[in-house]
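[1] give me the fold of what follows.
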Amino acid sequence: MERVTAADLEAAVRALRAGELVAFPTETVYGLGADAGNPQAVRRIFALKGRPARHPVIVHLHDIGQLPEWAREVPPAARRLAEQFWPGPLTLVLPRCAAVDDSVTGGQDTVALRVPAHPVAQQLLSAFGGGIAAPSANRYGRLSPTRAEHVREEFGDAVKVVLDGGDCPIGLESTIVAFQNGAARLLRPGRITAADIRALIGDLAIGADLASPRVPGSTAAHYAPATPLSIVPAEQIDAHSAALARGGRRIAVLAWRAPRAAVPSVTWIDAAAHAPQYGHDLYAHLRRLDKSGCERILVQEVPEGEAWAAIRDRLRRAAAGAGSADANTQGEAP
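    Residues are numbered from 1 along each chain as shown. Below is the predicted model of the structure:
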C-alpha cells in the first residue's frame with residue numbers, strides 16, 4: 001500500500017529543486033535521486049553512497065517523450081523496446097546529448113535512461129518535470145533497498161525525504177540494454193528477459209565486450225551483504241550447513257525448500273521456488289540474514305533457466321563482494 005501524500009510529493013520536489021537528495025520507490029528497487037540537470041546535486045549522490053565518480057547513473061524520466069532531451073540518437077530497435085516496455089523495468093543506454101553532464105554519464109558518451117512504472121515514481125517525475133538521476137539507495141556495492149525502512153537503515157537523516165511506497169513489486173534491478181552502432185547488447189539481466197527482447201527486435205548480443213559502456217551493476221562484486229556468502233549446490237546445502245554449524249557455530253541459509261533436518265544454530269529461510277517471488281524477496285531475505293549474527297550465509301544454488309538469470313547474476317556478484325570491508329575493491333562499475 002502506498003503511504004505517500006500530496007504534501008510528501010511537494011516536499012520531495014522542493015528538495016530536488018534545491019539540489020538535495022530524495023529516496024523514492026520504483027518497481028525494481030528504491031532509488032537515491034537528484035536533479036539530473038544539476039551536476040552538484042548528482043555529485044552528492046556519489047559522495048553519500050561512496051560511489052566512484054566514473055560510474056554512470058540511470059536517469060529516470062516521466063515518459064518516452066523526454067527521450068530527445070537526453071539521447072541524441074534513438075535507433076528504431078531502441079524505440080520499439082521503449083514503446084513496448086516503458087513504463088517498466090528496462091534501462092536503455094544510448095548516445096547522450098551534448099548537454100548531459102559527465103556527472104551522470106561517468107564521462108562516457110552514453111547515457112542510461114528509464115521510465116519507471118511505480119505510481120509514486122511516476123507522480124514524482126510528473127511533478128518535478130525533469131530527469132531524476134537515481135542509482136539504488138544504498139552504500140555502494142551493498143544490498144539494494146526494496147523497502148523505505150532499508151533506506152533509512154542505510155542513511156538515517158542524511159536523506160531529507162524518503163517517499164514510502166511500500167515493498168518494490170519486482171525487487172531486482174532493471175534489465176539494461178545498450179545500443180552500439182545501432183546494435184543491441186544485454187548488459188544486465190532483469191525481469192525483462194533476453195527472450196522478451198529478441199521477440200521484439202531480433203538480434204541481441206549477451207554480455208559486455210571491450211567496446212561496451214560501463215553500466216550500473218556490472219562489477220564482479222556487487223549487491224553484497226557484509227557477512228561472507230557462499231553459493232552451495234542444491235543437493236549439498238543441508239550437509240554443508242550442518243558441517244559448518246558443528247560446535248554451535250551460527251550459520252545462515254537461504255534456500256528454496258525447507259531443511260531436511262533442523263540444526264539449532266542454523267538460521268534457515270525457506271524462500272519461494274518460483275523465480276519472480278524469490279527475486280522479489282531476495283534482498284530483504286539477505287538483509288535479515290546479514291543482521292542475524294551468523295558467521296556465514298549459505299545460499300542454495302538456484303535453478304538454471306532464463307527466469308532465474310537475473311537472480312543468478314545478483315547472487316554471483318553478492319558472493320564475490322560479501323564479507324569484504326569495501327566491496328568496491330572487487331570491481332569497477334555498479
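
[2] tell me how many other residues crowd Ile231.
    Applying other CB atoms under 10 Å, we find 17 other residues in the vicinity of Ile231. (Each C-beta comes from the backbone N, C-alpha and C, glycine too.)

[3] now swap in Lys49 and tell me
    Lys49 has 23 neighbours, counted by other CB under 10 Å.

[4] in space, what's closest to it - neighbours in sequence excluded?
    Tyr140 (4.7 Å; CB to CB, 6 or more residues apart in numbering).

[5] cool, and Gln300?
    Spatial nearest neighbour of Gln300, excluding adjacent residues (CB to CB, 6+ apart): Ala255 at 3.9 Å.

[6] ok, the one you found touching Trp268?
    Yes. Assessed by CB atoms under 8 Å, Ala255 is found in contact with Trp268 at 6.7 Å.

[7] which residue sits farthest out from the middle of this structure?
    For the chain, the C-alpha lying farthest from the average C-alpha position belongs to Gly247; by CA atoms, centre = their mean, that distance is 37.5 Å.

[8] could I get the pLDDT score of it?
    pLDDT for Gly247: 89.

[9] ok, it to Pro264 distance?
    Using CB to CB, to the nearest Å, Gly247 is found at 12 Å from Pro264.

[10] same question for Ala112.
    As judged by CB to CB, Ala112 and Pro264 stand 47 Å apart.

[11] compare the two and say which is more crowded by neighbours.
    More neighbours surround Ala112 than the other of Ala112 and Pro264, with 29 against 7 (other CB under 10 Å).

[12] count the neighbours of the residue lying closest to that one once chain neighbours are set aside for me.
    Spatial nearest neighbour of Ala112, excluding adjacent residues (CB to CB, 6+ apart): Ile58 at 4.5 Å. Neighbourhood size, Ile58 [other CB under 10 Å]: 29.

[13] ok, Ile58 - contacts?
    Residues counted as contacts of Ile58 (CB atoms under 8 Å, 6 or more residues apart in numbering) are 31, 91, 112-114, 133-135, 174, 216.

[14] one more: Arg191?
    Counting by CB under 8 Å, 6+ apart, Arg191 touches 28, 89, 170, 172, 174-175, 276, 279, 310.

[15] which SS class is it?
    Following DSSP: H, G, I helix; E, B strand; the rest coil, we place Arg191 in the coil state.

[16] gap between it and Ala309?
    As judged by CB to CB, Arg191 and Ala309 stand 10 Å apart.

[17] residue boundaries of the helices in the stretch 51-200 of the chain?
    With DSSP state H, counting those that start in this stretch as the criterion, the stretch 51-200 of the chain has helices at 76-85, 102-105, 119-128, 148-155, 194-201.

[18] so what secondary structure elements neighbour the second one?
    In this case it means helix 102-105. helix 39-49 (3 or more CB pairs under 8 Å, 6 or more residues apart in numbering; DSSP states H and E).

[19] quick check: mean pLDDT across the helix it packs on?
    Rounded mean pLDDT across helix 39-49 is 97.

[20] could I get the buried residue list for that helix?
    39, 41-46, 48-49 (16 or more other CB atoms under 10 Å).

[21] adding distance to His62, write those out as TSV.
    Below are those laid out as TSV (distance: CB to CB, whole Å):
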residue	distance to His62
Pro39	21
Ala41	18
Val42	18
Arg43	23
Arg44	22
Ile45	19
Phe46	24
Leu48	24
Lys49	24
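
[22] and which of these is nearest Leu67?
    The shortest gap between Leu67 and any of those belongs to Val42, at 19.4 Å (CB to CB).

[23] secondary structure element for the spatially closest residue to Leu172 that is not a sequence neighbour, which one?
    The shortest distance from Leu172 to any non-neighbouring residue, by CB to CB, 6+ apart, is to Gly279 (4.6 Å). For Gly279, the host element (DSSP states H and E) is helix 275-290.

[24] can you list contacts of the helix or strand just after that helix?
    Per DSSP H and E, helix 275-290 leads on to strand 296-300 as the next helix or strand towards the C-terminus. Applying CB under 8 Å, 6+ apart, the contact partners of strand 296-300 are 225, 227-232, 234, 237, 240-241, 244, 251-257, 286, 289-290, 315, 318-319, 322.

[25] 7 Å - rerun?
    For strand 296-300, the external contacting residues (CB atoms under 7 Å, 6 or more residues apart in numbering) are 225, 227-232, 234, 237, 240-241, 244, 251-256, 289, 315.

[26] and stretch 250-261, by the same measure?
    237-238, 241, 244-245, 265-273, 278, 285-286, 289, 292-300, 302.

[27] in ChimeraX, how would I select just the buried ones from these?
    Buried members of those, defined by 16+ other CB under 10 Å, are picked up in ChimeraX with:
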select :237,238,241,244,245,265,266,267,268,269,271,278,285,286,289,294,296,297,298,299,300,302
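
[28] now do the helix holding Gly279 and strand 296-300, the angle between them.
    Between helix 275-290 and strand 296-300, the angle comes out at 170 degrees (axes from the mean of the first three to the mean of the last three CA atoms, to 10 degrees).
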